[in-house]
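S.K.: show me the folded form of this:
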Amino acid sequence: MSRPAQEAPVRLRRFADFWPHYLREHARPGTRALHYAGTALVILLAVGAVASGDLRLMAAVPIAGYGFAWASHLLVERNRPATFTHPLWSLGADFRMFFLWLSGRLGPELRKAGIAADGTFEAGDGA
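M.R.: From the prediction side, this is the model:
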């Protein structure tokens, strides 16, 4: 099934309600791949800063994280990053998505949010 129009603004009161919305805003595999690259770089920079004692590396953390994420929304997903409306939930969801992907457990979460493996929306998902 084709992609629906971007979701209408909904007042989300809990992270549990935000999570499926976040996944639908990251439906395309290319969007997620760029997020994974940015998140991995963030982790490497933070670990490198601590291990080397060169805390200047921490200045690159937001650039790496937001740079990859925002580029993916602009160039791949063509929607507005969730960071602008729910910054803390978005950060938590980004790490959750990253670690679920690393552990091979993201697929069921995507299906629950109505997203097929190819990034399209499944029929009857309510999105």
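S.K.: tell me the residue furthest from the middle of this protein?
M.R.: Centroid-distance maximum for the chain: Gly53 at 29.3 Å, with Cα atoms, centre = their mean.
S.K.: so what's that one scoring on pLDDT?
M.R.: Reading off the confidence values, Gly53 has pLDDT 97.
S.K.: from Leu23, how far off is it?
M.R.: Per Cβ to Cβ, to the nearest Å, Gly53 is found 38 Å from Leu23. Where you see a C-beta, it was placed from the backbone N, CA and C, and this is true even at glycine.
S.K.: what helix or strand is the nearest residue to Ala37 once chain neighbours are set aside on?
M.R.: The shortest distance from Ala37 to any non-neighbouring residue, by Cβ to Cβ, 6 or more residues apart in numbering, is to Phe68 (5.4 Å). Phe68 is located in helix 60-72, with elements delineated by DSSP states H and E.
S.K.: buried sites along the very next helix or strand once past that helix?
M.R.: Counting by DSSP H and E, the element after helix 60-72 in chain order, helix or strand, is helix 87-102. By 16 or more other Cβ atoms under 10 Å, the buried positions in helix 87-102 come out as 89-90, 93-94, 96-98, 100-101.
S.K.: of these, which is the nearest to Pro108?
M.R.: Of all the buried residues of helix 87-102, Leu100 has the smallest distance to Pro108: 8.9 Å, by Cβ to Cβ.
S.K.: tell me which residues touch that closest one, please.
M.R.: Applying Cβ atoms under 8 Å, 6 or more residues apart in numbering, we find Leu100 in contact with 106, 109.
S.K.: gap between it and Val50?
M.R.: 25 Å.
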